[in-house]
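K.L.:
Below is the sequence, then the predicted model.
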Amino acid sequence: MKKIALIAFQLILSLLVGFIFGNLIMPLKTSEKIDTLKELKPIDLTMNEENPYDFDMEELSLETLSPYTGNLLESDSIDNIPFMCIIENSRAARPQSGLSEADIVYETMAEAGIPRFLAVFYENSPEVIGPVRSVRPYFLDISKEHDLPFAHCGGSAEALATISSDKSLNSINEIKNGSAFWRDNTRKAPHNLYTSAKNIRKFIADNGYEYSKNNTLSFKDNSLLNSSNYISEIKLNLSDYYKTSYKYVDGFYEKYMDGELAIDKNTNSPLKFKNIVVQITDMSLQSDNTHLDIDLTGTGEGYVFSNGRMEKIHWKKEDSNSKTTLKTEDGTPIYLSRGNTIWNIVDKISSLSFN
């Protein structure tokens, strides 16, 4: 009888424990499981003490974050081949195609007071990019910083000589590789040469060009929100022939060129950016009194605009192979807001004003 009573007691105890813990620890139903990629909150890559999100970086590879915008990549964008393209910015070239889909857009002077763009494409795949124009030596320095192939049509004698001698530069020159480009007969040459993300990526893959997805910038969601310098409009008078400005509207900086709102021809929508970098440096005429020398190595000053705020910065680049770093005046690294960036490289004598 004692043995039977002991067995009964053990059975009752087992059922009681199972009932208690079964109600305390309930397994998630399949429908309740978290889809990590769908429900992830924005990630602060700085991972500092002020990070409002309790996030384990091991749960998400940095490969799913764009090194050029800090955005979480869509599944169909992760394997995209990044590349760069020289895009014209004379009046005859406007409106340009594809700039609204670029991750980073560099803008600086070419010659005769006319600017030119060098755009980085990774997240998006615009079907039309251009007008494509010729390369200059300082654009080669930027392409080396990112270690990316770049599309162009010809170049200055100095730039073409550098491309020929420096095997680390992966040039996609329309003059030698016309199949990746086409002419739009509704525009006059030389303002009518175009390409596409599909064409350039195919060319890179077919020719075995090497490239890197370098993290040249740092991002976080609340960039510059603690700054008291609220700026709603930025004006840059870069030459007697070109003026650009930006107005802060609904979290973006809308770009104006020569007083007119810049439009992407592909989408017929305003050209707008989450961040603006203004890098101030020395520019000088070469001996031919036409082409420019633009000094992108060494140190200098500038500004970053993000979330409607402004921060004065110091930039530094050791040599043509190193990355440009941006820091505040007290030496703190600068973080940009997640999203696209326009990077204006301007002469020290350029006129710069804020409202």
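P.N.:
Sure thing, it's come through. Residues are numbered from 1 along each chain as shown.

K.L.:
Bridging across strands, which residues link to Thr244?
P.N.:
Beta bridges link Thr244 to Leu236, Met257 when assigned by DSSP bridges.

K.L.:
Could you check how far it is from Asp258?
P.N.:
Counting by C-beta to C-beta, to the nearest Å, the gap from Thr244 to Asp258 is 8 Å. For glycine as for every other residue, the C-beta is placed from the backbone atoms N, C-alpha and C.

K.L.:
more neighbours, these two?
P.N.:
Using other C-beta atoms under 10 Å as the criterion, Thr244 and Asp258 rank with Thr244 on top: 21 against 12.

K.L.:
Return the per-residue confidence for the more buried one.
P.N.:
With respect to pLDDT, Thr244 scores 98.

K.L.:
Renumber starting at 172 from here on
P.N.:
OK, 172 is where the count begins now, so the last one is Thr415.

K.L.:
Let me see the contact set for it.
P.N.:
278, 286, 406-407, 409, 426-429, 515 (C-beta atoms under 8 Å, 6 or more residues apart in numbering).

K.L.:
wait, Tyr424 sits on Ser416?
P.N.:
No. Contact criterion C-beta atoms under 8 Å: Tyr424 and Ser416 do not qualify, at 9.5 Å.

K.L.:
Quick check: neighbours shared by these two?
P.N.:
With C-beta under 8 Å, 6+ apart, Tyr424 and Ser416 have common neighbours Ile405.

K.L.:
what about these two, which has more around it?
P.N.:
Comparing Tyr424 with Ser416 by neighbour count (other C-beta under 10 Å), the higher total belongs to Tyr424, at 25 against 20.

K.L.:
For that one, give me its contacts.
P.N.:
Each residue near Tyr424 by C-beta under 8 Å, 6+ apart is listed here: 405, 417-418, 443-447, 476, 513.

K.L.:
In terms of helix, strand or coil, where does it fall?
P.N.:
Three-state assignment for Tyr424 (DSSP: H, G, I helix; E, B strand; the rest coil): strand.

K.L.:
Look up phi and psi at the nearest residue to Asp274 once chain neighbours are set aside.
P.N.:
Spatial nearest neighbour of Asp274, chain neighbours left out: Tyr239 (3.7 Å); criterion: C-beta to C-beta, 6 or more residues apart in numbering. The phi/psi pair for Tyr239 (degrees, to the nearest 10) reads phi -100, psi -20.

K.L.:
Hmm, Tyr239 is touching Ala290, no?
P.N.:
No. Here Tyr239 does not reach Ala290: they are 10.6 Å apart, not a contact under C-beta under 8 Å.

K.L.:
intersection of neighbour lists for these two?
P.N.:
In terms of C-beta under 8 Å, 6+ apart, Tyr239 and Ala290 are both contacted by the residues Ile275.

K.L.:
you'd agree Leu331 is in a helix?
P.N.:
Yes. Assessed by three-state DSSP, Leu331 belongs to a helix.

K.L.:
what's the pLDDT at it?
P.N.:
98.

K.L.:
Contacts only, for the closest residue to it other than its chain neighbours.
P.N.:
Leaving aside its chain neighbours, Leu331 sits nearest to Gly325 (7.3 Å; criterion: C-beta to C-beta, 6+ apart). Counting by C-beta under 8 Å, 6+ apart, Gly325 makes contact with 305-306, 331, 344-346.

K.L.:
In stretch 518-526, which residues are buried?
P.N.:
518, 521 (16 or more other C-beta atoms under 10 Å).

K.L.:
what does that stretch rub up against?
P.N.:
For stretch 518-526, the surrounding residues in contact (C-beta under 8 Å, 6+ apart) are 280, 402-410, 449, 451-454, 474, 481, 517.

K.L.:
Only C-alpha atoms, please: export it in CSV.
P.N.:
This file holds the C-alpha atoms of stretch 518-526, laid out as CSV (Å, rounded to 0.1, in the frame of the first residue of the first chain):
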residue,chain,number,x,y,z
ASP,A,518,36.8,76.3,-53.4
LYS,A,519,37.9,78.4,-50.4
ILE,A,520,36.8,81.5,-52.3
SER,A,521,33.3,80.2,-53.0
SER,A,522,30.4,82.2,-51.4
LEU,A,523,28.6,80.2,-48.7
SER,A,524,25.6,81.4,-46.8
PHE,A,525,22.9,80.0,-44.5
ASN,A,526,19.4,81.0,-43.3
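
K.L.:
circling back: now, of the contacts of Thr415, which are buried?
P.N.:
Among these, those classed as buried by 16+ other C-beta under 10 Å are 278, 286, 407, 409, 426-428, 515.

K.L.:
Nearest to Lys384 among those?
P.N.:
Glu278 (22.7 Å; C-beta to C-beta).

K.L.:
In the protein, mark out all the helices, start to finish.
P.N.:
173-195, 207-210, 308-317, 328-336, 368-377 (DSSP state H).

K.L.:
Which of these has the lowest mean pLDDT?
P.N.:
Ranked by mean pLDDT, those bottom out at helix 207-210, with a mean of 29.

K.L.:
Surely Phe254 and Arg372 touch.
P.N.:
Yes. Using C-beta under 8 Å, Phe254 is in contact with Arg372, at 6.9 Å.

K.L.:
Please say which of these two ends up with more neighbours.
P.N.:
Phe254 (26 against 18).

K.L.:
residues touching the more buried one, list them.
P.N.:
Residues in contact with Phe254 (C-beta under 8 Å, 6+ apart) are 291-292, 319-322, 343, 368, 371-372, 375, 382.

K.L.:
Brilliant, that's me finished.
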